[in-house]
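> Got a predicted structure plus its sequence, pasted below:
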Amino acid sequence: MIRSNILVGLVRILRKIGHNFSDRIWRLGAGARLFGLTLAYSGESFRRFHLTIREVYFTGVMSLIIVLVSAFFVGMVLALQGYYTLQKYGSSEAIGVLVALSLLRELGPVVTALLFAGRAGTAITAEIGLMKATEQLSAMEMMAVSPIARVVAPRFWAGVIAMPILATLFSMVGILGGYLVAVPLIGVDAGAFWSQMQANVDWRFDILNGVIKSLVFGVACTMIALFEGYDAPPTAEGVSRATTRTVVTSSLAVLGLDFALTSFMISM
Amino acid sequence: MTPNTLAQNIVEINNLSFGYKGRMLHQGINMVFPRGKVVAIMGGSGSGKTTLLRLIGGQLKPSKGEARVEGQIVHQQSRDGIYKLRRKMGMLFQQGALFTDLSVYENVAFPMREHTDLPESMIHDLVLMKLNAVGLRGAHKLMPTELSGGMARRVALARAIALDPDIIMYDEPFAGLDPISMGVICGLIRTLNDALGATSIIVSHDVKETFTIADYVYFVANGVVVAEGTPEDLRKSTLPFVHQFVHGEKDGPVPFHYAAGDYAQDLLGFENARQGA
């Protein structure tokens, strides 16, 4: 009796694992399908480019405050921590390079993407999920207007356009924050701060690679947010779960992709 | 289908079955919707009435059988073909489904902007005419969140008729409305149908309002059409289901209680389980 109970329990656990696994594979496929459809409908959506511009405002411009304030503090903390370590080796003038490279290569794209997922990604998921729950997407379809061309594609391209700009601004403001701590506060020489940065930051390997990273993160974060909203069960609970999933999945995707991209870029 | 029936019926549902997740919702449904008429599909909640509208609109595919619109089998159309058919349809959703980021004016202008190249001045005139038809010309600057349920339904109706459709589908148009709004919507459905020369398909469970305006009524239950006829015929019907539905009786062929085991057993089960634990 006990043995058969254990067996039944084991089967149940195995079935649950299998179900979870197949569900994830299914969602991955459905996400890829939506991505493909989004690209296919992009031409139709570009004909109404004002929609994409409007979304750039909602996802990009509206995220500016949180991104810039975070960048300022991240830059200041980087300068403080960097100075603490560098002065032990007598190379505190290299603080400018440290701040710039950390921001341009890593923190700019990654932190911007994480903030973007929290600010714009959740808004996209909740908006599309609620549009679905209130039958707005169905109404659009019944009016012979594709929701993918009218709702999904403009938001996708807006995210792809906004992310590199936000990441670049993040790095710029972060460097400014680092400068304010390093030069006026700590007393590092301003000439050394800027000249070392200028000499050691490479256009292609540092700046361009950072922009490429932020582009990839832009595609990933926006697509995850769009898919979660589009796939959300049309209930209050469904939309709230989808919003949470957007943050969790986007954050993990950004960190995973960051490792993959960094290894690829370093080996090049 | 002969040219004669095509001329007569703008929509036909032939031997249609539909199911999902292993459960059959419709089994062999047959309905016809003659041009210019107001036809109602009635039945209890969960009987698949709204699904029938989605099958006519091509948002769902039948498991068997077909829905024809203007002689064309809907589920066999390509995406462009379905979109072409949908341009001849207007649909009023249960909660209106107005776009919350657009004003009342922009909501009604939406189908015109998407499907026509009309100049702005003409769109302006048409939008105000449509809103005037539903009595809400004065509300054109409001946002959907500023409207009452009845007003939102009327704006959605103005949007549904924006392109002068041949077929207007109404999904529970009376649900959740106060008696005045209900009367207004009821009158509008009949007036607009006759003024536009359209065909209206109403899905509803509100007997009084639907019987006032419908020319013909289908009753759906357990996946099949259980009764059909004019409202007069159905009022006199002695069929148990129709009688229970039309007169709103608590018990009948549709039981008050959801299928359950023995009542006493269920009550004692808790005590027994607690003692066992």
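Structure received.

> can you give me the strands in the stretch 1-150 of chain A?
Assigned by DSSP state E, counting those that start in this stretch, the stretch 1-150 of chain A shows no strands.

> how about the residues of it that lie near chain B?
Taking CB under 8 Å from any CB of the partner chain, the part of the stretch 1-150 of chain A that reaches chain B is made up of A:131, A:134-136, A:138-139, A:141-145. For every residue, glycine as well, the C-beta is placed using N, CA and C.

> Residues of the stretch 151-277 of chain B that sit close to chain A?
Selection of the stretch 151-277 of chain B residues close to chain A by CB under 8 Å from any CB yields residue B:156.

> where does the stretch 151-277 of chain B have low pLDDT?
Applying pLDDT under 70 to the stretch 151-277 of chain B flags the ranges B:250-258, B:274-277.

> picking that back up, of the residues of the stretch 1-150 of chain A next to chain B, just say which sits nearest to residue A:68.
Nearest to residue A:68 out of the residues of the stretch 1-150 of chain A next to chain B is residue A:131 (CB to CB; 29.6 Å).

> For residue A:249, give me its contacts.
With contacts defined as CB atoms under 8 Å, 6 or more residues apart in numbering or on different chains, residue A:249 is in contact with A:224, A:228.

> which other helices and strands contact the longest helix seen in chain B?
In chain B, assigned by DSSP state H, the helix with the most residues is helix B:179-196. Here helix B:179-196 touches strand B:38-42, helix B:120-133, helix B:149-160, strand B:167-171, strand B:199-204, helix B:207-213, going by 3 or more CB pairs under 8 Å, 6 or more residues apart in numbering or on different chains; DSSP states H and E.

> Pull up the pairing partners for the fourth one, direction included.
Translated: strand B:167-171. Note on strand B:167-171: by DSSP bridges, its sheet partners are strand B:89-92 (parallel), strand B:199-204 (parallel).

> Dump the ones you listed to CSV, plus distance to residue A:3 and mean neighbour count.
As requested, the strands paired with strand B:167-171 are arranged in CSV below (distance: least, CB to CB, whole Å; neighbours: other CB atoms under 10 Å in any protein chain shown):
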stretch, distance to residue A:3, mean neighbour count
strand B:89-92, 58, 27
strand B:199-204, 55, 25
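
> Excluding residues flanking it in the chain, which one is nearest the residue positioned nearest the centre of chain A?
In chain A, the residue lying closest to the centroid (CA atoms, centre = their mean) is residue A:113, at 2.7 Å. Among residues not flanking residue A:113 along the chain, residue A:217 sits closest, at 3.7 Å (CB to CB, 6 or more residues apart in numbering or on different chains).

> Buried residues, the helix or strand containing that neighbour. List them.
Using DSSP states H and E, the element containing residue A:217 is helix A:209-231. Going by neighbour count (16 or more other CB atoms under 10 Å in any protein chain shown), the buried part of helix A:209-231 is A:209-211, A:213-231.

> Then stretch B:149-159?
Quick answer for stretch B:149-159 (16+ other CB under 10 Å): B:150-159.

> Run through the residues that contact residue 82.
Reading this off chain A. A:95, A:98-99, A:102, A:178.

> wrong chain, I was asking about chain B
By CB under 8 Å, 6+ apart, the neighbours of residue B:82 are A:144, B:58, B:74.

> are any of these buried, and which?
Buried among the contacts of residue B:82 by 16+ other CB under 10 Å: A:144, B:58, B:74.

> Was I right to think residue A:94 contacts residue A:196?
Yes - counting by CB atoms under 8 Å, residue A:94 touches residue A:196, with 5.7 Å between them.

> low pLDDT regions in the stretch 151-268 of chain A?
Low-confidence segments of the stretch 151-268 of chain A (pLDDT under 70): none present.

> Those residues of it touching chain B, which are they?
Counting by CB under 8 Å from any CB, no residue of the stretch 151-268 of chain A sits close to chain B.

> Could I get the full set of strands for the stretch 151-268 of chain A?
Taking DSSP E, counting those that start in this stretch as the criterion, the stretch 151-268 of chain A carries no strands.

> List the contacts of whichever residue of the stretch 151-268 of chain A sits closest to chain B.
Nearest residue of the stretch 151-268 of chain A to chain B (CB to the nearest CB) works out as residue A:151 at 9.7 Å. Neighbouring residues of residue A:151 by CB under 8 Å, 6+ apart: A:128, A:131, A:137, A:140.

> Hmm, the second one is touching residue A:141, no?
No - Residue A:131 sits out of contact with residue A:141 when judged by CB under 8 Å, with a separation of 11.6 Å.

> tell me the contacts of the spatially most central residue of chain B?
Of all residues in chain B, the one closest to the mean position by CA atoms, centre = their mean is residue B:171, 2.8 Å from it. By CB under 8 Å, 6+ apart, the contact set of residue B:171 is B:50, B:53, B:91-94, B:203.

> Could you check how far residue A:241 is from residue A:155?
In this view, residue A:241 and residue A:155 are 20 Å apart by CB to CB, to the nearest Å.

> sorry, that was for residue B:259
Taking CB to CB as the measure, residue B:259 falls 45 Å from residue A:155.

> Neighbour count for the two, which is higher?
Taking residue B:259 and residue A:155 together and counting by other CB atoms under 10 Å in any protein chain shown, residue A:155 has the greater number of neighbours (28 against 5).

> circling back to that earlier point, would CSV of the strands paired with strand B:167-171 with distance to residue A:248 be doable?
Listed next are the strands paired with strand B:167-171 as CSV, based on distance: least, CB to CB, whole Å:
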stretch, distance to residue A:248
strand B:89-92, 36
strand B:199-204, 39
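
> List the contacts of the residue nearest to residue A:113.
Contacts of residue A:217 (CB under 8 Å, 6+ apart): A:109-110, A:112-113, A:116, A:163, A:167, A:254, A:257-258.

> any chance of the residues you listed in a markdown table, plus distance to residue B:17?
Converted to a markdown table, the contacts of residue A:217 look like this (distance: CB to CB, whole Å):
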| residue | distance to residue B:17 |
| --- | --- |
| A:109 | 53 |
| A:110 | 53 |
| A:112 | 52 |
| A:113 | 48 |
| A:116 | 47 |
| A:163 | 48 |
| A:167 | 54 |
| A:254 | 47 |
| A:257 | 46 |
| A:258 | 51 |
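
> Check those residues against residue B:221 and report the nearest one.
Nearest member of those to residue B:221, counting by CB to CB, is residue A:116, at 51.0 Å.

> So what does residue B:141 look like in phi/psi?
Dihedral angles of residue B:141 (phi, psi; degrees, to the nearest 10) stand at phi -90, psi -10.

> Can you give me the neighbour number for it?
Neighbours of residue B:141 (other CB under 10 Å): 9.

> Tell me the confidence at it?
On the pLDDT scale, residue B:141 is placed at 93.

> Return the residues in contact with it.
B:103-105.

> Out of the strands paired with strand B:167-171, which is closest to residue B:14?
That would be strand B:199-204 among the strands paired with strand B:167-171, by CB to CB, at 15.7 Å.

> in stretch B:31-38, what's buried?
Under the neighbour-count criterion of 16+ other CB under 10 Å, stretch B:31-38 has B:31-35, B:37-38 buried.

> Sorry, wrong one. I was asking about stretch B:232-248.
For stretch B:232-248, the neighbour count (16+ other CB under 10 Å) marks B:234, B:237, B:241-246 as buried.

> where does the stretch 1-150 of chain A have low pLDDT?
Applying pLDDT under 70 to the stretch 1-150 of chain A picks out residues A:1.
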